[in-house]
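Participant: okay, predicted coordinates and the sequence, questions at the end:
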Amino acid sequence: MNEDRLQVVLIGAGIMSATLGVLLKQLMPDARISLFECLDKAAAESSDALNNSGTGHAAYCELNYTPLQDGQVDITNAQYIAERFEVSKQLWAFLKEAGAISYQDPFINAVPHMSFVWGDENTDFLRKRYEAMCKAPIFQDMQYSADPAVIRQWAPLIMEGRDNTSVLAATKMDAGTDVDFGAITRDMVRYLEHSEDVEVQLAHRVVDLVKQKNGRWRILVDDVDKKTQKEIDADYVFIGAGGGSLPLLQKTAIDEAKGYGGFPISGQFLMCSNPGIVQRHLAKVYGKAEVGAPPMSVPHLDTRIIGGQRILFFGPYAGFTTRFLKNGSFLDLPLSIGMNNIRPMLAAGMRNRDLTAYLIKQVMLSSEQRFKSLQDYYPDAKPEDWTLTVAGQRVQVIQRDKGGGGVLKFGTEIVTSADGSVAALLGASPGASTSVSIALDVLTHMFPEKITSQSWQQTLKKMIPSYGESLIDNDDLCLATRARTHAILGLS
Ligand SMILES: Cc1cc2nc3c(=O)[nH]c(=O)nc-3n(C[C@H](O)[C@H](O)[C@H](O)COP(=O)(O)OP(=O)(O)OC[C@H]3O[C@@H](n4cnc5c(N)ncnc54)[C@H](O)[C@@H]3O)c2cc1C
């Protein structure tokens, strides 16, 4: 093996590292890539199907992506997210066409996305949102109805047993999808494992990263089973450790990491696998979030398709824990607090009293109260058909602001060293759906010159035909791209 070639280390076998690894393998076939995962299985944290909602977030149904401003619905962020999801589907279509991933049980399935609200204020908002969105080609084919009979046709469960006097409205996008992010991640990790010069080491925990005088990173890795430790030197390191990214970023001691903190939020879903119920609902029905709720706590009644089996999910219910990962330690939060982030963290806590109040309310929910919120969406739901399941962990990012205080960020943050040799991904939303665009952003931070080179541009275009072009401004390209990827992925 030629030792002069670039060595890249990826930390974590979730969707983010897997996606970055796949892109890197195409862009730099000669580079050596080592991927370390502390668990004995890839995608066993947030990326696993039962740990997230599996919504292909394209902003069709998530009302929090379209805020009401001065009486107008702003769809800018929704278009941005929808475009990024189109990018993800293009890479997945490329991998499928190339035979790089198995597609026996499709990891992505067509499941209509619906928004569903009640009450005058909310129905008025939904109508305005629909009027603003249906003009944009990326949301073409969105349907709106305030007619209970039509909504019943779209999603019978949400109408059964409902009081006929309420004012209701819904929108529906047939282009919506359910995605088993765990399956596509494991497929990509398997592809990497079989690629030349890539080593995937499960049950290997990265415990430290030290920048050496020669500019390379020395990474200390514990072999979890053998209880031994080894070192590996790398030119580039990507910290895609999900909730575990913040502690590792802090270990790099780069200036850019200072002032970052994390606030963990756990989640739970109610799950139903009774075929008599499951077969009567084929939609992801998103409602209106409670005041203070973080973006991923919007209630929704979802069809999930996991390993070819259909089930229903409702939730998520938020909770509080001090763990950063489902398999993490209760010491994660206390150990992440230090002199450089205590002030921003306290300031963010003071500023987000609505979130604190929301979390306290969620943690205090009795099982009856929890069930009652399901009945807001499925009035005839019976407790015996539903079981509670624990979802993945989210670590909301807290960032120091200019005044030395702190802001709570709900999106995804890429923190990169000035020389681009290390990058870490913090945060959770909109998450796995936009993983391909996030990985492209990471590449831009780490390899700013290479990404503009002709060879990289050509390779990127091969994988993502719309790369470099706007799907928001170019109507024909947007519709042609969606038609092509949906045909390849069987999403018609
Ligand atoms: C309740 C919930 C609902 C969600 N719903 C959606 C949704 O509907 N749609 C959507 O697009 N996104 C959703 N998300 C977000 C999405 O799941 C995440 O954004 C995405 O899975 C993050 O992927 P990741 O690779 O960064 O992290 P992960 O999948 O968590 O992977 C990180 C990996 O790093 C490993 N690791 C950690 N520390 C170390 C270490 N020191 N050494 C080695 N390995 C380490 C972990 O074991 C893990 O396997 C949801 C998340 C949650 C929690």
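Facilitator: Noted; the coordinates are in hand.
Participant: export the longest helix seen in the chain as CSV, just CAs?
Facilitator: Secondary structure of the chain per DSSP state H: the longest helix is helix 76-97. Only the C-alpha atoms of helix 76-97 are listed here, as CSV (Å, rounded to 0.1, in the frame of the first residue of the first chain):
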residue,chain,number,x,y,z
THR,A,76,-38.0,30.1,1.3
ASN,A,77,-36.8,27.6,3.9
ALA,A,78,-39.2,25.0,2.7
GLN,A,79,-37.9,25.3,-0.9
TYR,A,80,-34.4,25.0,0.3
ILE,A,81,-35.2,21.8,2.3
ALA,A,82,-37.2,20.3,-0.6
GLU,A,83,-34.3,20.9,-3.0
ARG,A,84,-31.9,19.2,-0.6
PHE,A,85,-34.1,16.2,-0.4
GLU,A,86,-34.1,16.0,-4.2
VAL,A,87,-30.3,15.9,-4.0
SER,A,88,-30.4,13.0,-1.6
LYS,A,89,-32.7,11.0,-3.9
GLN,A,90,-30.3,11.5,-6.8
LEU,A,91,-27.4,10.0,-5.0
TRP,A,92,-29.5,7.1,-3.8
ALA,A,93,-30.8,6.6,-7.4
PHE,A,94,-27.1,6.6,-8.6
LEU,A,95,-26.2,4.0,-6.1
LYS,A,96,-29.1,1.8,-7.0
GLU,A,97,-28.4,2.1,-10.8
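Participant: can you give me how far it is from the chain middle?
Facilitator: How far helix 76-97 lies from its chain's middle: 13 Å, per CA atoms, centre = their mean, to the nearest Å.
Participant: repeat that for stretch 405-422.
Facilitator: The chain centroid and the centroid of stretch 405-422 are separated by 17 Å under CA atoms, centre = their mean.
Participant: buried ones in that stretch?
Facilitator: Gly406, Leu408, Lys409, Phe410, Thr412, Ile414, Val415, Thr416, Ser417, Gly420, Ser421, Val422 (16 or more other CB atoms under 10 Å). C-betas here are computed from N, CA, C, even on glycine.
Participant: returning to what we had before: what packs against the longest helix of the chain?
Facilitator: Packing partners of helix 76-97 (3 or more CB pairs under 8 Å, 6 or more residues apart in numbering; DSSP states H and E): helix 15-27, helix 181-193, helix 435-446, helix 454-463, helix 475-489.
Participant: can you tell me which of those helices is most buried?
Facilitator: helix 15-27 (a mean of 26; mean count of other CB atoms under 10 Å).
Participant: average pLDDT across that one?
Facilitator: The predicted model gives helix 15-27 an average pLDDT of 98.
Participant: and what of stretch 50-61?
Facilitator: 96.
Participant: that stretch: end-to-end distance?
Facilitator: 20 Å (CA to CA, to the nearest Å).
Participant: need the helix or strand of this protein with the lowest average pLDDT.
Facilitator: Lowest mean confidence among the helices and strands of the chain (mean pLDDT, DSSP states H and E): helix 353-363, at a mean of 76.
Participant: which bits of the stretch 201-350 of the chain sit near the ligand?
Facilitator: Within reach of the ligand by CB under 6 Å from any ligand atom, the stretch 201-350 of the chain has these residues: Arg205, Val206, Gly240, Ala241, Gly242, Gly244, Leu248, Gly267, Met296, Pro316, Leu325.
Participant: can you list the weak-confidence ranges in the chain?
Facilitator: Filtered on pLDDT under 70, the chain yields the residue ranges 1-4, 291-292, 294-296, 429-430.
Participant: need the helices for the stretch 101-250 of the chain, in chain order.
Facilitator: Assignment of helices within the stretch 101-250 of the chain using DSSP state H, counting those that start in this stretch yields the ranges 120-133, 148-154, 156-159, 181-193, 245-252.
Participant: which residues touch the closest residue to Leu479 other than its chain neighbours?
Facilitator: The spatially closest residue to Leu479, leaving aside those adjacent along the chain, is Pro137, at 5.9 Å (CB to CB, 6 or more residues apart in numbering). Pro137 sits next to Asp475, Cys478, Leu479 when contact means CB atoms under 8 Å, 6 or more residues apart in numbering.
Participant: ok, the second one touching Thr485?
Facilitator: No - Cys478 is not in contact with Thr485 according to CB atoms under 8 Å; the separation is 11.3 Å.
Participant: which residues are common contacts for the two?
Facilitator: Between them, Cys478 and Thr485 share the contacting residues Glu86, judged by CB under 8 Å, 6+ apart.
Participant: of all the helices and strands packed on helix 76-97, which lies closest to the ligand?
Facilitator: Closest approach to the ligand among the helices and strands packed on helix 76-97 is made by helix 15-27 (3.6 Å; CB to the nearest ligand atom).
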